[in-house]
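**Student:** coords please:
(2 chains)
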Protein chains: 2
Amino acid sequence: MIMEVVSNAGQMQEIVMGMRRQGLSIGLVPTMGYLHQGHLSLVRRARSECDRVVMSIFVNPLQFGPREDFAAYPRDPEHDLALARDEGVDYVFAPVKEDMYPKGFNTQVTVEGALTEKMCSRSRPGHFRGVTTVVMKLFQIVQPDRAYFGQKDAQQALVIRRMATDLNLPLEIVTCPIVRETDGLALSSRNAYLSSEERRVALVLPRSLEAGRDLIIKGERRVERVRDEITERLAAERAIKVDYVEVCDGQTLADLAELRGPVLLAAAVYVGRTRLIDNIYLEV
Amino acid sequence: MIMEVVSNAGQMQEIVMGMRRQGLSIGLVPTMGYLHQGHLSLVRRARSECDRVVMSIFVNPLQFGPREDFAAYPRDPEHDLALARDEGVDYVFAPVKEDMYPKGFNTQVTVEGALTEKMCSRSRPGHFRGVTTVVMKLFQIVQPDRAYFGQKDAQQALVIRRMATDLNLPLEIVTCPIVRETDGLALSSRNAYLSSEERRVALVLPRSLEAGRDLIIKGERRVERVRDEITERLAAERAIKVDYVEVCDGQTLADLAELRGPVLLAAAVYVGRTRLIDNIYLEV
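**Tutor:** Numbers count the residues shown, from 1 in each chain, chains lettered A, B, ... in the order given. Here you go, the predicted model:
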């Protein structure tokens, strides 16, 4: 099958209707493009579970704050299409902004509560509202049986899962493991912003989270102790600025009295002007 | 076909999947029960356009304010089922509150802007957010090709249409004409609250809107003049209290400089403790 690129939402819906009539299952991999092995791991998982794979590529303005990097966000459509084709994507849905948010657009999907009150919500107000709104649109356009998200954006995956449950969406949310460079840095399109010196410094992020995890593995059950360990290791690297360090319930992001059950260790840091996030999920 | 009553959302989704696999089109008539001829006109329209008709019956707590009539809202499930059966409904989806809004539920769908800033939004803050959220859930559960709403709730129909457009919902919103008693009162489940004296007094609502419409038909193009006519006629009935009188764009509910294009004449009044709404839509 030759990969098809579709830019119009109505046309994508017609193609999807055709697939559904044929009884084919559909996997959706939503992306903002500038694809890396993390994205491609989602495609591979989708291909193994679905008859057809649709990848969306859309840098969603709604999820960027006014002072964030929407305009600068790295884009390379040609390379993305080549990678998608090589990986066996069937359809790339790549709409333009004006088609997704035409004049008069005025609807928002919002997840409230602990899931959107801490971590990335603090420094990125409105971010998850932009994510849930665009993802809801993509779900309605592509009507997937399964949609694939990366665990790198742990909070995003939980927020989308909450939305899907709350609104009875007839689909399965699949969260796939973080893909890392050999030295441990989590893959991210934003890594492209890093100078080689910053790239070296950025390693403190996965290393610090690993140190927190190792404490837990050795038996530490005090939340504060693990959080302090991560924070101190991050602080030791003078070239970064810590945005947040969170040690919380891995399902609800609620505060924990002690480390037990599903636990998420998550942090966001600025390396120069680049904001990076990473996390480790574990069952204690 | 024998009508089936389904109370579980997951079960309803399975039935719907079966219908879709058979290529059957689905019409949804969302109601809060206490059915009258207005609801049944929606069912007849749905039957004429769809292979299968699903009626939902759910008094949605989310769209009632804390001081409103959620607890008192009239209910008569047995009579509703008999009416639905007689009208040829195929499935009644009648969930319980705990199934629609389980512990942890935290997602909202919101339409913003002029559509939800005037008319019923003023005296019922949060009302339309409750409506769009439950309707989105019903759409995901029943996955209709067409969903049927009454023009009596003109603002609701426009808000839902906006949501469907904005979120690319793969379905058609069908708005059906207001059904009235022979004397002109619009059918409403809340008419059951009226004493016989209040029932008589309530007639001033359609009569006043008709007077406004007649002015336009005679050539009046000044918005204020028509609004004043309606307001004065309502005010002449001392036994009612006016909530709002609106003369505005019939598509966007925006203010109009003059009466031209699609125009909505709408009003809400309290007759005793009962809040009634009515409207007339016309192309000028």
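**Student:** burial measure for A:Gln22, as a count.
**Tutor:** By the criterion of other CB atoms under 10 Å in any protein chain shown, A:Gln22 has 9 neighbours. In short, each C-beta sits where N, CA and C put it, glycine included.
**Student:** Ramachandran coordinates for it?
**Tutor:** phi -80, psi 0 (degrees, to the nearest 10).
**Student:** ok, and what's touching the helix or strand where A:Arg162 lies?
**Tutor:** For A:Arg162, the host element (DSSP states H and E) is helix A:154-166. Residues from elsewhere that reach helix A:154-166 (CB atoms under 8 Å, 6 or more residues apart in numbering or on different chains): A:109, A:111, A:115-116, A:119-121, A:128, A:131-132, A:135-136, A:147, A:149-151, A:169, A:171, A:173, A:175, A:250-253, A:264, A:266, A:279, A:281, B:104-107, B:137.
**Student:** which of the residues in that helix are buried?
**Tutor:** A:Ala154, A:Gln155, A:Gln156, A:Ala157, A:Leu158, A:Val159, A:Ile160, A:Arg161, A:Arg162, A:Met163, A:Ala164, A:Asp166 (16 or more other CB atoms under 10 Å in any protein chain shown).
**Student:** immediately after that helix, which helix or strand?
**Tutor:** Downstream of helix A:154-166 (by DSSP H and E), the next one is strand A:172-176.
**Student:** Please see if that next one touches chain B.
**Tutor:** No - using CB under 8 Å from any CB of the partner chain, we find that strand A:172-176 stays clear of chain B, coming within 12.5 Å at best.
**Student:** any weak-confidence spans in the stretch 151-284 of chain A?
**Tutor:** Within the stretch 151-284 of chain A, no stretch has pLDDT under 70.
**Student:** Can you show me the helices along it?
**Tutor:** Under the criterion DSSP state H, counting those that start in this stretch, the stretch 151-284 of chain A contains helices at A:154-166, A:196-201, A:204-217, A:223-235.
**Student:** Packed most tightly, which of those helices would that be?
**Tutor:** helix A:154-166 (a mean of 23; mean count of other CB atoms under 10 Å in any protein chain shown).
**Student:** got the contact list for the residue nearest to A:Leu264 when sequence neighbours are not counted?
**Tutor:** Closest residue in space to A:Leu264, ignoring its immediate chain neighbours: A:Gly250 at 4.1 Å, by CB to CB, 6 or more residues apart in numbering or on different chains. For A:Gly250, the contacting residues are A:Ala154, A:Gly261, A:Pro262, A:Val263, A:Leu264, A:Tyr281, A:Leu282, A:Glu283, by CB under 8 Å, 6+ apart.
**Student:** what does chain A put close to chain B?
**Tutor:** Proximity of chain A to chain B (CB under 8 Å from any CB) is limited to residues A:9, A:13, A:17, A:20-21, A:23, A:104-113, A:115, A:132-133, A:136-137, A:140-141, A:143, A:162-163, A:166-170, A:252.
**Student:** taking these one by one, which sit in strands?
**Tutor:** Per DSSP state E, strands hold the following members of those: A:Thr107, A:Gln108, A:Val109, A:Thr110, A:Val111.
**Student:** Pick out whichever of those residues sits closest to B:Val92.
**Tutor:** Comparing these against B:Val92 with CB to CB places A:Val109 closest, at 27.7 Å.
**Student:** Please name the bridge partners of that closest one.
**Tutor:** Beta-bridge partners for A:Val109, by DSSP bridges, are B:Val109.
**Student:** Please report how far the residue in the stretch 151-284 of chain A positioned nearest to chain B lies from A:Cys120.
**Tutor:** In the stretch 151-284 of chain A, the residue that lies nearest chain B is A:Asp166 (3.6 Å; CB to the nearest CB). Distance of A:Asp166 to A:Cys120, given as CB to CB, to the nearest Å: 20 Å.
**Student:** same deal with A:Ala236?
**Tutor:** A:Ala236 is 23 Å from A:Cys120, by CB to CB.
**Student:** Neighbour count for these two, which is higher?
**Tutor:** Just comparing A:Ala236 and A:Cys120: by other CB under 10 Å the higher neighbour count belongs to A:Cys120, 23 against 10.
**Student:** Minimum distance to chain B, which residue of the stretch 1-150 of chain A gives it?
**Tutor:** For the stretch 1-150 of chain A, CB to the nearest CB, closest residue to chain B: A:Thr107, 3.6 Å.
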